[in-house]
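Undergrad: Quick one, fold the following:
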Amino acid sequence: MAENRTEQATARRREQARERGQVLRSRDLVGALTLLGVILLLAWQPQTWITRWQGYFREVLTSSIRTDWMESIPVASQTMLAVAKWVGPVMAVAFFVAVFSTVAQGGVTFATEALSPNWNRLNPTNNVKQLFSPAGLSRILRTLLPTAVMLYLAVRLLMREAPAVLHSSRLGSHAALATMGHLWFTMAWQCGMVLLAWACVDYLLQWQSFESSLRMTKQEVRQENKDNEGNPQVKGRMRRIRRELLRKALNKEVQRATAVVTNPTHYAVAIEYRPATMVAPVVVAKGRNLLAKRIKELARWHEVPIVENPPLAQALYKATDVGQMIPPKLYAAVAEILAFLYRAQMRMNAQPGVQSAGAR
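TA: Residues are numbered from 1 along each chain as shown. From the prediction side, this is the model:
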């Protein structure tokens, strides 16, 4: 039964493919961009190229009328220099365009698995089988298609420009060379555009094939999530441990709180203030919704006073983190609450004494 690969490749799957050297790249696109770059370079200020060759031929013809055989050495050096001046910029542009287009497609990768020797690639039998396989025949047909289009464009251009080519013999050398140069440039850029258009189509086809090869089954996605995030049972146990530690820490902090200011339902902020040791009240615990409910339950259990003051509760929750002193702008509101609690505590402490005095 065939696997149903319906899921998109994950980031880990793509990284593993990249480590194996599986990167989406189109050689046809690199070749087309390189060819167009060279054509544009030669078309840019063509008079400069013509002037260089004119100077070269002038020097060569001047040296040819001399009888000294030692003059052949300067002629050879001048020829090498002229060729270098012509080929150097072309090779430089071709190199940089090829490198840039290659890096832009998939970046630079160092796949050790792809660099390992594979002797099967050197087997002539395997190469012949690949040549006559459906994939090999498909590549040959895809190569013949743009070749046929370029051949058609070249024939059409020659038929259209045939009268100008035939009459170029009556023109001067400059005019004839200009006519032929225009003809060759037109043919070159048209062929380059055909290659570029075909390279874009080939890149799209390769992208579809590449994405299809990276697709995953649902089981592979679940297994990868399990490997990356850990076993769900272990994760659940860790969450329970974290909740237990949080509960114990929250219980300890609320137990030493002086008061809990509530919203009363959405916010709860526990503050502690010891006049002998503290400069200002400190927020020891805070929470919203379920955590606020838990703080109030712990406050009732430990008999910590709960004061309902919605504006102050929201202000304390938003302006102060746990462990920080309250901001000075809230001193007055908190001081009123603490003063009220201290007075109530003093009345409760004094009430048994009054009752005992009345009894006597």
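Undergrad: Tell me who's in contact with the residue nearest to residue 310 when sequence neighbours are not counted.
TA: Nearest residue to residue 310, sequence neighbours excluded (Cβ to Cβ, 6 or more residues apart in numbering): residue 263, at 4.9 Å. C-beta here means a position set from N, CA and C on the backbone, and glycine is covered the same way. Residues counted as contacts of residue 263 (Cβ atoms under 8 Å, 6 or more residues apart in numbering) are 292, 308, 310, 313-314.
Undergrad: ok, of the residues you listed, which come out buried?
TA: Applying a neighbour-count criterion of 16 or more other Cβ atoms under 10 Å, the buried members of those are 292, 313-314.
Undergrad: Just the ones of the contacts of residue 263 in strands?
TA: residue 308 (DSSP state E).
Undergrad: Any chance of the contacts of residue 263 in JSON lines with distance to residue 26 and pLDDT as columns?
TA: Formatted as JSON lines, the contacts of residue 263 follow (distance: Cβ to Cβ, whole Å; pLDDT from 0 to 100):
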{"residue": "292", "distance to residue 26": "59", "pLDDT": "86"}
{"residue": "308", "distance to residue 26": "69", "pLDDT": "87"}
{"residue": "310", "distance to residue 26": "64", "pLDDT": "87"}
{"residue": "313", "distance to residue 26": "63", "pLDDT": "88"}
{"residue": "314", "distance to residue 26": "59", "pLDDT": "87"}
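Undergrad: In helices, which of the contacts of residue 263 appear?
TA: Helix and strand membership here follows DSSP state H; of these, those in helices are 292, 310, 313-314.
Undergrad: quick one on the thing from earlier: which one of the buried ones among the contacts of residue 263 is nearest residue 280?
TA: Out of those, the one with the shortest distance to residue 280 is residue 313. That distance is 17.7 Å, counting by Cβ to Cβ.
Undergrad: Can you name the residues that contact the closest one?
TA: Listed by Cβ under 8 Å, 6+ apart, the contact partners of residue 313 are 261-263, 267-269.
Undergrad: Now, those that are in helices?
TA: Counting by DSSP H, the contacts of residue 313 contribute nothing to helices.
Undergrad: would you list those residues in TSV and tack on distance to residue 297 and pLDDT?
TA: Rendered in TSV, the data for the contacts of residue 313 read as follows (distance: Cβ to Cβ, whole Å; pLDDT from 0 to 100):
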residue	distance to residue 297	pLDDT
261	16	90
262	12	89
263	15	83
267	15	88
268	10	89
269	15	90
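Undergrad: just to revisit the earlier point, between the contacts of residue 263, which is closest to residue 140?
TA: Using Cβ to Cβ, the shortest approach to residue 140 within the contacts of residue 263 belongs to residue 292, at 72.8 Å.
Undergrad: Looking at the contacts of residue 313, spot the one nearest residue 181.
TA: Using Cβ to Cβ, residue 267 is the member of the contacts of residue 313 that lies nearest residue 181, at 81.8 Å.
Undergrad: From residue 241, how far off is the closest residue to the closest one other than its chain neighbours?
TA: Computed as Cβ to Cβ, 6+ apart, the closest residue to residue 267 that is not its neighbour in sequence is residue 313, at 4.3 Å. With the distance defined as Cβ to Cβ, to the nearest Å, residue 313 ends up 30 Å from residue 241.
Undergrad: Same check on residue 332?
TA: According to Cβ to Cβ, residue 332 and residue 241 sit 42 Å apart.
Undergrad: pull the helix or strand with minimum mean pLDDT from this protein.
TA: helix 112-115 (a mean of 55; mean pLDDT, DSSP states H and E).
Undergrad: For residue 278, which residues are in contact?
TA: Taking Cβ under 8 Å, 6+ apart as the test, what residue 278 contacts is residue 272.
Undergrad: three-state assignment of it?
TA: Each residue gets one of three states, and residue 278 gets coil by DSSP: H, G, I helix; E, B strand; the rest coil.
Undergrad: on that earlier part again, now distance to residue 237 too, for the contacts of residue 313, in TSV please.
TA: Listed next are these as TSV, based on distance: Cβ to Cβ, whole Å:
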residue	distance to residue 237
261	35
262	33
263	34
267	31
268	29
269	32
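Undergrad: Closest one of these to residue 4?
TA: Of all those, the one sitting nearest residue 4 is residue 267; the distance, using Cβ to Cβ, is 50.0 Å.
Undergrad: Let's test this: mean pLDDT of the helix or strand residue 188 falls within, rounded?
TA: Using DSSP states H and E, residue 188 maps to helix 173-214. Across helix 173-214, pLDDT averages out at 82.
Undergrad: The next helix or strand after it packs against which elements?
TA: Per DSSP H and E, helix 173-214 leads on to helix 218-229 as the next helix or strand towards the C-terminus. Helices and strands touching helix 218-229, as assessed by 3 or more Cβ pairs under 8 Å, 6 or more residues apart in numbering; DSSP states H and E, comprise helix 11-19.
Undergrad: returning to that earlier point: could you measure from the residue nearest to residue 310 over to residue 89?
TA: On the measure of Cβ to Cβ, residue 263 and residue 89 end up 75 Å apart.
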